[in-house]
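have a look at this prediction, sequence included:
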Amino acid sequence: MEENAEGGLESVDMKVSRHNKPKKVHVKVICAQDKQIIKSIGGLGDDRTVVRVGDAFVTMHNFKCLLERSEYLNGDVINAYINLIAAEKHLLYRDGSSIYLENSLTFYILYRDGRYGEKSKPSLKEDTIVERVTNYVSHDMVFIPINIERTHWYLGVISGKKREIQVLDSMGKMGRDELTYAGDMEKFRLKLAAILLESDNNTAIESEDTESNADETIDPNEFYAYSKEWVISSNPYPITVNLEKLQGILNVNMPMDRDIFNLGARMLACDVLTSFREPKCHFLDLKFFWDCNYRRHPLHRVKPEPKKLATYFDVWPNSGVTFSECQLVFVPYRSCESYGVFALDRKDRIIAIIDPTPFSQWNDYNHPSFYYLPKIQKIAKTYERAMEEVDPMWNDDVYDWRHIFPSFVPKTMDSCLTGFLVLELMNSWDGQLFHRLLRADARMLRKWFLIEALKFTWDRCAPNIPEDLKAALHSIGDTRRGKYI
């Protein structure tokens, strides 16, 4: 701060600045004061206004979205935070550029009026539109939060200097690495609750006639109990699993999470017993299928470089099995929350289609395998690009290989179960048959998978697991018990 004063810059109240911009140094820090602030509003009625910043206000009902990790982030909360940022004048000038912050409501109105045109009565008067456009063109950049049907938020940036529209979307193609990782933002959700409540710009009036309800008391510690990471695997790339995801494994009505499936594939590939199985196998996870760009909008397709694709065929940690030794390559996929896997036999040029979901659409094709051709085509192209680095002598086309449907694949209409079935089927397929017949019992498969995940050898978060649970895990021997007929 002394350097700023000497440089002639205005001094900034660190308390206000900290609570109006999500700086990384503060994102992960939830202090005791923050927890106390959040607890203080426990028991307020859903209609009670708890945050009011300028023309944006947040009721208790909408504010609760900040206290649930999986809840959709309400637009009122976003608008309140936008107003907090706008109140910090130094944040409206960045790298010599002036910033205009739009709110989510105005964008929706502009979008609706622009889409339907004369079919709907414009919500904004002509002079208001002129004023808004004038604001836009008088700034170097305009930030516009955009919502996709109460499902996903992304940011549109109109850059007057560069004469372009930039889209910052955590689920789309991003050219900057620092914008693709949202781990800090997951933890910032609870911090934002404290920021909004504590800010000096929050003018919500406290009432002395507040009705308290002990059952609705907010406990930030409970929020972080769900966020605490229990299982971490860092090689070849980080996978973290918190308590919430672990509990989801036991929920028979919840589809298998992508990270959970990738962890299961990694556990299978790194298992010491896998190095002794014949024929040798190489296991891929969903990241490879993601890079195949299956059914992805052309604007969001990315053509990975062969060097990146080649990393999927590196030796798995502690397995000791190189790709050149492997006859079978397992390529799992996920479509509409259902899982399946293609087992590529490099020696016999065969693709085994292993899918636990029965498809009535087969009747619309001359052969059942025709249903899978779009996926196989994408995989074949991506596989060929990877082989440019992995095996320069490769001169084949997976798309031309013969297709087979193995017998005794358990079928289920329960898409939530398919991920667990596929992992077990990957473990038991030897290229010709399944050497063990699997029980399609949802509760049993989920239970044993959870135990195996917690016992995973490379778990680096064992200190977060309670001691009594550790003792129970050590007492469990063969987790294959009961899974097979």
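Thanks, I have it.

just checking, residue 357 touches residue 418?
Yes: here residue 357 lies in contact with residue 418, judged by C-beta atoms under 8 Å, at a distance of 6.0 Å. The way it works is simple: take the backbone N, C-alpha and C, and place the C-beta from them, glycine included.

I'd say residue 437 and residue 408 touch.
Yes: counting by C-beta under 8 Å, residue 408 is a contact partner of residue 437 at 6.0 Å.

so what's residue 377 up against?
residue 399 (C-beta atoms under 8 Å, 6 or more residues apart in numbering).

returning to what we had before: which one's more surrounded, residue 357 and residue 418?
Neighbours were counted for residue 357 and for residue 418 using other C-beta atoms under 10 Å; residue 418 has more, 26 against 18.

what helices and strands are in contact with the host helix or strand of the more buried one?
According to DSSP states H and E, residue 418 maps onto helix 415-428. Applying 3 or more C-beta pairs under 8 Å, 6 or more residues apart in numbering; DSSP states H and E, we find helix 415-428 packed against helix 258-270, strand 328-335, strand 338-345, strand 350-354, helix 442-454.

residue 378: which of those is closest?
Residue 378 lies closest to strand 328-335 among the helices and strands packed on helix 415-428, at 9.3 Å (C-beta to C-beta).

buried residues, that closest one. List them.
Within strand 328-335, the residues that count as buried by 16 or more other C-beta atoms under 10 Å are 328-334.

just how off-centre is the helix holding residue 418 within its chain?
A distance of 21 Å separates the centroid of the chain from that of helix 415-428, by C-alpha atoms, centre = their mean, to the nearest Å.

give me the contacts around that helix.
So helix 415-428 is contacted by 252-256, 260-261, 264-265, 268, 283, 330, 332, 334, 336-341, 343, 354, 356-357, 409-410, 412, 434-436, 438, 440, 442, 445-446, 449, 483 (C-beta under 8 Å, 6+ apart).

any quick ChimeraX command for the buried ones out of those residues?
To isolate the buried members of the contacts of helix 415-428 in ChimeraX, using 16+ other C-beta under 10 Å:
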select :255,256,260,261,264,265,268,283,330,332,334,338,339,340,341,343,354,356,357,409,410,434,436,438,440,442,445,446,449,483
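
quick one on the thing from earlier: which residues do residue 357 and residue 418 both contact?
Counting by C-beta under 8 Å, 6+ apart, the contacts common to residue 357 and residue 418 are 338, 340, 412.

helices along the stretch 251-400 of the chain, start to end?
In the stretch 251-400 of the chain, the segments counted as helices under DSSP state H, counting those that start in this stretch are 258-270, 286-290, 306-310, 373-390.

need the winner for burial among those.
The highest mean neighbour count among those, using mean count of other C-beta atoms under 10 Å, belongs to helix 258-270: a mean of 21.

what packs against that helix?
strand 229-233, strand 239-242, helix 243-250, strand 281-283, helix 286-290, strand 328-335, helix 415-428, helix 442-454.

weakest of those in terms of mean pLDDT?
Of all the helices and strands packed on helix 258-270, mean pLDDT reaches its minimum on strand 229-233 (a mean of 76).

which other helices and strands contact that one?
Where contact means 3+ C-beta pairs under 8 Å, 6+ apart, strand 229-233 is packed against strand 239-242, helix 243-250, helix 258-270, helix 442-454.

out of the ones you listed, nearest to residue 467?
Closest approach to residue 467 among the helices and strands packed on strand 229-233 (C-beta to C-beta): helix 442-454, 13.2 Å.

for that closest one, C-alpha coordinates in CSV please.
This file holds the C-alpha atoms of helix 442-454, laid out as CSV (Å, rounded to 0.1, in the frame of the first residue of the first chain):
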residue,chain,number,x,y,z
ALA,A,442,-27.2,-51.9,-8.3
ARG,A,443,-26.8,-51.6,-4.5
MET,A,444,-24.2,-54.3,-4.4
LEU,A,445,-22.1,-53.0,-7.2
ARG,A,446,-22.2,-49.5,-5.8
LYS,A,447,-21.3,-50.6,-2.3
TRP,A,448,-18.3,-52.6,-3.5
PHE,A,449,-17.1,-49.8,-5.8
LEU,A,450,-17.2,-47.3,-2.9
ILE,A,451,-15.1,-49.6,-0.8
GLU,A,452,-12.6,-50.1,-3.6
ALA,A,453,-12.4,-46.4,-4.2
LEU,A,454,-11.7,-45.7,-0.5
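
returning to what we had before: mind putting the shared contacts of residue 357 and residue 418 into TSV with pLDDT and distance to residue 237?
Output for the shared contacts of residue 357 and residue 418, formatted as TSV (pLDDT from 0 to 100; distance: C-beta to C-beta, whole Å):
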residue	pLDDT	distance to residue 237
338	90	24
340	95	23
412	90	30
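
okay, the residues you listed in JSON lines with distance to residue 40 next?
Formatted as JSON lines, these follow (distance: C-beta to C-beta, whole Å):
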{"residue": "338", "distance to residue 40": "45"}
{"residue": "340", "distance to residue 40": "50"}
{"residue": "412", "distance to residue 40": "48"}
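
looking at the helices and strands packed on helix 258-270, which is closest to residue 310?
Nearest to residue 310 among those is helix 286-290 (11.1 Å), distances taken as C-beta to C-beta.

distance of residue 404 relative to residue 169?
40 Å (C-beta to C-beta, to the nearest Å).

what's the answer for residue 284, then?
Per C-beta to C-beta, residue 284 is found 26 Å from residue 169.
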